[in-house]
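**Q** Here you go, sequence then predicted model.
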Amino acid sequence: MTTFTTDIHIDAPLQHVWETLADIGSIHRWNPGVVASHATSESTSGLGATRYCDLGGRNYLHESVVHFEPGEALTMRVEDTNLPFKTVDIRFTLTEADAGTHVTVSPIYELKFGPIGSVIDRLYVKRTYEKGMAALLRGLKQHAEATAA
């Protein structure tokens, strides 16, 4: 398993940032790595809610909310994808800080292909994934700050 942590400060109230993050079907509005997305469950938020993300170029994710603490933490699990991941959980944690919100994202994942996957992870995937998570947080920051009341 591989994990890392990336964080950002957002100049917007925690509740606003939480509402943006917890509306799982709308991730395409703020994550530059997602071309289109929509909820695939009746509920668009909360434990058990699911979504589909089109990442472009035939790449996709089917995800579900496996941990949900309103206003504090959310964990998404990749249930199906055509990317080389065997398992992926992505935990978001929010805290109030400096008249805004501190957001941390901590994925934990394992690639397919056993030992070869571990080598691919060290050489390419982890670095690329870290850049993607940093871009995700920058997108969340820009969107939340632009739409905060």
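**A** Noted; the coordinates are in hand.

**Q** show me what contacts the nearest residue to residue 13 once chain neighbours are set aside?
**A** Closest residue to residue 13 in three dimensions, ignoring its sequence neighbours and counting by Cβ to Cβ, 6 or more residues apart in numbering: residue 148, at 6.5 Å. The way it works is simple: take the backbone N, C-alpha and C, and place the C-beta from them, glycine included. Residue 148 is in contact with 11, 12, 13, 16, counting by Cβ atoms under 8 Å, 6 or more residues apart in numbering.

**Q** And residue 36, by the same measure?
**A** Residues near residue 36 by Cβ under 8 Å, 6+ apart: 28, 53, 54.

**Q** Output the longest helix belonging to the chain.
**A** The residue-count maximum for a helix in the chain (DSSP state H) belongs to helix 126-147.

**Q** tell me the average confidence for that helix?
**A** For helix 126-147, mean pLDDT rounds to 97.

**Q** still on that earlier bit, torsion angles phi and psi at the residue nearest to residue 13?
**A** phi -70, psi 140 (degrees, to the nearest 10).

**Q** next one: the helix or strand where residue 119 lies to chain centre, how far?
**A** Per DSSP states H and E, residue 119 falls inside helix 114-120. Distance of helix 114-120 from its chain centroid, counting by Cα atoms, centre = their mean, to the nearest Å, is 23 Å.

**Q** Among the contacts of residue 36, name the buried ones.
**A** 28, 53 (16 or more other Cβ atoms under 10 Å).
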